[in-house]
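>>> here's my sequence, what's the structure:
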Amino acid sequence: MLPYSLYSVYRQYKLDTDTIASWLATTAQVHGYPQELLQAGGDDPHKKPHAPSGRLKGKARLQAAREQRQNLAVDKTKTAQRKHTIAIKDFVALAEFISSKAAQVGKVPVSIVKTLDRVIRARRGFGDQIAEHDEVPGNGPNRSHLYFVGVLEKVRQVMTPLFPSQASSSKEASQESADGETEDAVLNRFAGLSVYEPSEAFLNMPDIEQPQPETTTTGKLEVAYEAERLNSFEDVIFALTTLMNDLNRLRERVKWIWSAHVQGVFDLCAAAIATNTAVDFARNLMDEIKPELDAHGGPWEMLQRFNLLQCMIAGHRFDELTTTNQGVQDGNFNYKFYDVGIGQFLQVYNMVDAFSRVLDPYHLPIYKEGMFGTYDPSSNRDTKSGYEKFVEDRALLMPFFTELATACIGVADYPVEDEFLRGMVEMRKTKQTPFPMVFAAQVFLDIHHLLRTDVSRAFETFQSGVTMLHDEIDAHLEFHKKLRIDTWPRSNDQYMAQVSCSIRAALQDPVYQAKEKQYKRMKLSVPDSVEPNRILRMSPVLSGLMLFHYRAEVRDIALTVINAWGSVTYTAHLLNALSKEGLVTGHDNTSAQPPWPDMALLRTLLLDDEQIFVGVAPDKPDEYFKRFCLQVGTTANAFTKRKEKRKGPLASKAGPRGIKVEALSPVTSMFLDRYVRKTGTLNWTTEYVERVIEASQWEAEGSEEDHTLILGKLTKEELARKKTKEKMQQKKDRKKSPARLTPDELIRALILALNNESLEFAFPLLIMHRSCWRLLRAVKQHCDPVLRELFTPAYLERETELPFVIGWIFMAAAAIDSPSDMRPMIEAAKAVTQEVVLGDEGTVALRLLNNKLGFPISFEADEESFSSWKHERHTST
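Numbering: from 1, shown residues only. Next up is the predicted model:
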């Protein structure tokens, strides 16, 4: 379900009606209204039938308990409340009782007056439009909208003497709301049936102060009130309208994401995760009104009625809507209105449903190329007729349906599952048409309509990205063929080899291989028109999720390597010391580029001072040595040449300190269970929403609309200043409720947060490990004569001890056993300058990120430090 901090239009509407019911009941009871007179309303359509008693076991029981805690414990007091439904017919009686107690009650809160007005205007404007179209099936004369609106208007009339003067005056209706629009304008926009009218303004109305339930002598909350849920045709159409508005805003957000992606603004993995999350949110939005739809014939029946209403409100006759034209006899549908049906998911529902009726859950579907036409992405969709658009959409969906079905039936363990593939799994099991799959199919079409020939670029990005990951693993295994340490078991290498094999298998396309087997059983050859990797070529979302899957696996391996070998963190200690001593600088003093660009970028992304230095970066020789010992997990005794001191403990109690993986990429890591470990869908909690909002902080320049948006990651200092400012503002506005987000607003925050972390997540850590190790070899070679002189040839016996050469260099400079000797540090500086400042080793990762992974990075001068970097993903007009 959606988190409580996320509000759909329909949820907001129900909250409004519940607020009115709750205030009436609570206020009346406080002033003596008998509890027994509050009659319960009708059956709640959301209430599920009583299920047979059964006890979940094992992981299922734990998971159920965890989800219940996360979703229902937002406010602990809610668990102590009893829900009591207030019948609509009791509203007037309650209002009259409250009015009779005017002296004790006082004035009605302004928020309640505004909420009441908002619901009246929304329902009246909506109901009036429906009332004009009785010929729509199901929209008979016995409608309830006049009754419900009449009740609310009577309540307002009775309580008007108790309204604050500004609320009851005519001027109040024209006052501007928080977002700059008048409340009249807001409600008129919301009242219309058009699914293309945005409803953010309705949700941005001033916050509602929910009345508190009655309390007992112990102070515990006992009763929470809600309004009776009406379930007439008009009520369901109203709910469906709000759903269509929410879903179409999500569609627009997804199209914005992919438009920005193809222009280089958003990373493919970030775009894919955000898109699939949008479809997941759509599933939750649909679940909110599914009981109402089922009570009136189901989604398909109500979508048809809704489409008829939509067209008739636009001025078309009923008989015109069901008459075929263009000489096309393809069902009772006029393709002249095809575009209208897209906004209500009518046509795509029809195509998904048609496929569900022919799907054999146990046999691979064989698609005859061209059976439903051929898709030409170079054609201009805007010039096509309604029927031609239908043919194009069918030519896109039908072959892709067979790809999804083949992945379900013929592939034992496909690496990732998006909501479209998940819908196919459900369809195969139930032989029904899942409404969420319909939305996923429409999003699939939207992306194709938008990108056209650019759709295949996502597969090319995936292909080059995972090929690089595969090569990275193979290069690492070759590098460490004879270089081993006791703390790195063979099983780790075996796992790396398995990941490499899995990447090769993904590139070879297990779906295509399943088709080959099926054709072979049929004693046929695979047609030339059936190309490998069609499922990924057609789906940018699956391509992005697949790339994320393998990128995450290789990143996990790389972090384990770095922590086991210490190559990167220990080398960072050396670079810090050489820079503090002025022994290493850039190519010239005017260049903004740091001495070692790869390390500078990595330190900004992953290795903050706390992780490396156990505090702030040291700036004195004795501190270099002490902090290095803390990082390595050893004591000064391990480095002394005096035998009597070496008898003491050599290892510190804390042990070696590596990179804290759990602190990295907090938002991206939320999706590891879903797309890497495959443990199920993400359960969105309020904590997750807050994490996304916090991580979506960017320094933005330009505009989204005209494609001049430039996004720069805020530094830790800038984020700290921003948080401080926000806390101060919250103290000033502590009476205000926390900001609420609509689903599409959260998707926007999510894509920004994911993109904010995409560079960190894609950084080639295994390549950095090998660069650091080669540098350590060069440092040892330059310093060896001096270190032998100072500490005897026994100071370093095996190559696996290379990181400890840094400790000997620091020890010499720190004067632990003898006067300070800076010669080893000077020699180390020569090696660093030769290898990473003047050589190619210092920009290996940066060149890969810029040239192959699509992360344009530049360095700019910074007065406070030597330089800072900016990750710029932008487009030009």
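>>> which of the three states applies to residue 84?
strand (DSSP: H, G, I helix; E, B strand; the rest coil).
>>> begin at 222, not 1, for the rest of this chat.
Got it, first residue is 222 now, which makes that one residue 305.
>>> count of neighbours near it?
Close neighbours of residue 305, defined as other C-beta atoms under 10 Å, add up to 19. (C-beta placed from N, C-alpha, C; glycine too.)
>>> that one and residue 247 touch, don't they?
No - at 10.5 Å, residue 305 does not count as touching residue 247 under the criterion of C-beta atoms under 8 Å.
>>> shared neighbours of the two, which are they?
residue 446 (C-beta atoms under 8 Å, 6 or more residues apart in numbering).
>>> just the helices in the stretch 972-1098 of the chain please.
986-1012, 1026-1035, 1044-1053, 1065-1072 (DSSP state H, counting those that start in this stretch).
>>> can you list the weak-confidence ranges in the stretch 822-971 of the chain?
856-876, 918-960 (pLDDT under 70).
>>> want to throw the helices of the stretch 972-1098 of the chain into CSV with distance to residue 979?
As requested, the helices of the stretch 972-1098 of the chain are exported to CSV (distance: least, C-beta to C-beta, whole Å):
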stretch, distance to residue 979
helix 986-1012, 15
helix 1026-1035, 32
helix 1044-1053, 29
helix 1065-1072, 11
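>>> quick check: the nearest residue to residue 252 once chain neighbours are set aside vs residue 570, distance?
Leaving out its chain neighbours, the residue that sits closest to residue 252 by C-beta to C-beta, 6 or more residues apart in numbering is residue 322, at 4.5 Å. Distance of residue 322 to residue 570, given as C-beta to C-beta, to the nearest Å: 52 Å.
>>> same drill for those two, tell me which one is more crowded.
residue 570 (22 against 16).
>>> mean confidence for stretch 633-641?
Taken as a whole, stretch 633-641 has an average pLDDT of 94.
>>> quote the end-to-end distance of it.
18 Å (C-alpha to C-alpha, to the nearest Å).
>>> strands along the stretch 822-971 of the chain, start to end?
919-922, 931-934 (DSSP state E, counting those that start in this stretch).
>>> touching, the residue nearest to residue 252 and residue 250? I think so.
No - Residue 322 is beyond contact range of residue 250, at 11.3 Å (criterion: C-beta under 8 Å).
>>> extract the C-alpha trace of stretch 882-900 and format it as CSV.
This file holds the C-alpha atoms of stretch 882-900, laid out as CSV (Å, rounded to 0.1, in the frame of the first residue of the first chain):
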residue,chain,number,x,y,z
VAL,A,882,29.0,-0.4,2.9
GLU,A,883,25.7,0.2,4.7
ALA,A,884,26.3,4.0,4.7
LEU,A,885,26.7,4.2,0.9
SER,A,886,23.9,5.0,-1.6
PRO,A,887,21.0,5.0,0.9
VAL,A,888,18.2,5.3,-1.7
THR,A,889,19.7,3.0,-4.3
SER,A,890,20.3,0.4,-1.6
MET,A,891,16.6,0.3,-0.9
PHE,A,892,16.1,-1.5,-4.2
LEU,A,893,18.8,-4.2,-3.8
ASP,A,894,16.3,-6.7,-2.3
ARG,A,895,13.9,-6.2,-5.1
TYR,A,896,16.2,-6.3,-8.1
VAL,A,897,19.3,-8.2,-6.9
ARG,A,898,18.3,-10.5,-4.1
LYS,A,899,14.8,-10.9,-5.6
THR,A,900,13.1,-11.1,-2.2
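>>> centre of the chain to it, how far?
11 Å (C-alpha atoms, centre = their mean, to the nearest Å).
>>> list the buried ones in that stretch?
For stretch 882-900, a neighbour-count test (16 or more other C-beta atoms under 10 Å) marks 885, 886, 888, 889, 890, 891, 892, 893, 895, 896, 897 as buried.
>>> how about the contacts made by the second one?
Same thing as residue 886. 978, 981, 982.
>>> residue 774: which of those residues is nearest?
residue 982 (11.8 Å; C-beta to C-beta).
>>> residues near residue 671, how many?
The burial count for residue 671: 16, using other C-beta under 10 Å.
>>> residues in contact with it?
Counting by C-beta under 8 Å, 6+ apart, residue 671 has contacts 476, 479, 480.
>>> in a markdown table, list the buried residues of stretch 882-900 along with distance to residue 621.
What follows is the buried residues of stretch 882-900, written out as a markdown table (distance: C-beta to C-beta, whole Å):
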| residue | distance to residue 621 |
| --- | --- |
| 885 | 35 |
| 886 | 31 |
| 888 | 30 |
| 889 | 28 |
| 890 | 31 |
| 891 | 28 |
| 892 | 24 |
| 893 | 27 |
| 895 | 22 |
| 896 | 20 |
| 897 | 24 |
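>>> restricted to helices, list these.
Per DSSP state H, helices hold the following members of the buried residues of stretch 882-900: 893, 895, 896.
>>> test my guess that the second one contacts residue 904.
Just to be clear, that refers to residue 895. No - with contact defined as C-beta under 8 Å, residue 895 does not count as touching residue 904 (10.0 Å).
>>> before we move on, back to that, out of the helices of the stretch 972-1098 of the chain, which gets nearest to residue 752?
Short answer: helix 1065-1072, nearest of the helices of the stretch 972-1098 of the chain by C-beta to C-beta, at 27.6 Å.
>>> for that closest one, packing partners?
Helix 1065-1072 sits against helix 818-826, helix 986-1012, strand 1078-1082, with contacts defined as 3 or more C-beta pairs under 8 Å, 6 or more residues apart in numbering; DSSP states H and E.
>>> average pLDDT for that helix, rounded please.
93.
>>> so that helix versus helix 818-826, what angle?
On the basis of axes from the mean of the first three to the mean of the last three C-alpha atoms, to 10 degrees, helix 1065-1072 is oriented at 80 degrees to helix 818-826.
>>> which residue packs closest to residue 658, ignoring adjacent ones?
residue 644 (2.6 Å).
>>> for the one you found, phi and psi?
When read as degrees, to the nearest 10, the backbone of residue 644 gives phi -60, psi -40.
>>> surely it touches residue 651?
No - look at residue 644 against residue 651 with C-beta under 8 Å: they stay out of range, at 10.5 Å.
>>> which of the two has more neighbours?
The neighbour comparison of residue 644 against residue 651 (other C-beta under 10 Å) goes to residue 644, with 24 against 11.
>>> residue 654 versus that one, what's the distance?
Distance from residue 644 to residue 654, by C-beta to C-beta: 9 Å.
>>> next: residue 643.
14 Å.
>>> now do the contacts for residue 626.
580, 585, 586, 645, 649.
>>> one more time with 7 Å
580, 586, 645 (C-beta atoms under 7 Å, 6 or more residues apart in numbering).
>>> distance from the chain centre to stretch 627-639, please.
For stretch 627-639, the distance to the chain centre is 23 Å (C-alpha atoms, centre = their mean).
>>> which residues sit against that stretch?
497, 585-586, 642, 645-646, 649, 727, 731-732, 735-736, 756, 762-763, 766-767, 770, 896.
>>> now with 8 Å?
493, 497, 500, 582-586, 642, 645-646, 649, 661, 723, 727, 731-732, 735-736, 738-739, 756, 760, 762-763, 766-767, 769-771, 896, 899.
>>> so residue 445: helix, strand or coil?
Quick answer, by three-state DSSP: residue 445 is strand.
>>> was I right about it contacting residue 304?
Yes - with contact defined as C-beta under 8 Å, residue 445 and residue 304 form a contacting pair (5.5 Å).
>>> between these two, which one's more packed in?
More crowded of residue 445 and residue 304, by other C-beta under 10 Å: residue 445, with 21 against 12.
>>> just to revisit the earlier point, for PyMOL, write a command that selects the buried ones of the contacts of residue 626.
This is the PyMOL syntax for the buried subset of these, where burial follows 16+ other C-beta under 10 Å:
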select buried, resi 580+586+645
